[in-house]
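K.L.:
Quick one, fold the following:
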Amino acid sequence: METNFTIPNYILASKTTRFLNFIIDILIMKLMMWILIIITDLIFSEYKLGLINQVDSFDKMETYLFWSITSFFYYTITETFLSRSLAKYFTKTIVVLKDGSKPKSIDILARSALRQIPFEYFTFFQGRKPGWHDEYSNTFVVKKDKLEQILIDYKELFEIEKQK
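P.N.:
Predicted coordinates:
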């Protein structure tokens, strides 16, 4: 019997779920950054940093750079330590490798870096193919409960086969 587990297609998160993750993560990132900026301005009010005004006055390139850096750190931190972004908690999905295991830090760094390619998010509209940040980092976003169940089933089947 083959002993290598591989993620089956039917536990992959749908395109709709992935899009929902994207929207929720954007909202969370924006909220977190504005809270961080306001708190920083309040803590350092004597220095009159005016971070809110500075961020509001960014031109298009500065805005793109600011949110690219923000999203890089957001996804890298959350997916490295939690195996999912905060939105994935709402949709009950998780990032895994082909064998269902937790991705290594380098895999998450690759995912986060690939997300910074302009228009990368449109690669999810190419039919059944995964987006670039999944495909080139060799990661998958799956339904967490389905993954857990299939891993239990796989281990039980493997134990039965091993006893024969």
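K.L.:
Glu143 - how many residues pack around it?
P.N.:
Actually, residue 143 is Lys. It isn't Glu. Neighbour count for Lys143, taken as other C-beta atoms under 10 Å: 19. Where you see a C-beta, it was placed from the backbone N, CA and C, and this is true even at glycine.
K.L.:
Could you tell me the per-residue confidence at the closest residue to it other than its chain neighbours?
P.N.:
Closest residue to Lys143 apart from its sequence neighbours, by C-beta to C-beta, 6 or more residues apart in numbering: Ile11 at 5.5 Å. Predicted confidence (pLDDT) for Ile11: 95.
K.L.:
Would you confirm that Ile11 contacts Lys144?
P.N.:
No - the pair Ile11 and Lys144 fails to qualify as a contact (C-beta atoms under 8 Å) at a distance of 9.3 Å.
K.L.:
among the helices and strands of this structure, which has the poorest mean pLDDT?
P.N.:
Comparing every helix and strand of the chain by mean pLDDT, DSSP states H and E singles out helix 51-56 as the least confident one, with a mean of 79.
K.L.:
show me where pLDDT drops low in this protein?
P.N.:
1-3, 47 (pLDDT under 70).
K.L.:
which residues of it fall in strands?
P.N.:
93-97, 139-143 (DSSP state E).
K.L.:
the inter-axis angle of the longest helix seen in the chain versus strand 93-97?
P.N.:
Longest helix in the chain by number of residues (criterion: DSSP state H): helix 15-43. Counting by axes from the mean of the first three to the mean of the last three C-alpha atoms, to 10 degrees, helix 15-43 lies at 100 degrees to strand 93-97.
K.L.:
one step back: for Gln54, which of the strands of the chain is the nearest?
P.N.:
strand 93-97 (33.5 Å; C-beta to C-beta).
K.L.:
hmm, who's touching the closest one?
P.N.:
Strand 93-97 has contacts (C-beta atoms under 8 Å, 6 or more residues apart in numbering) with 7, 13, 17, 21, 79, 83-84, 88, 102-103, 107-108, 111, 138-144, 147.
K.L.:
quick one: that strand to strand 139-143, angle?
P.N.:
140 degrees.
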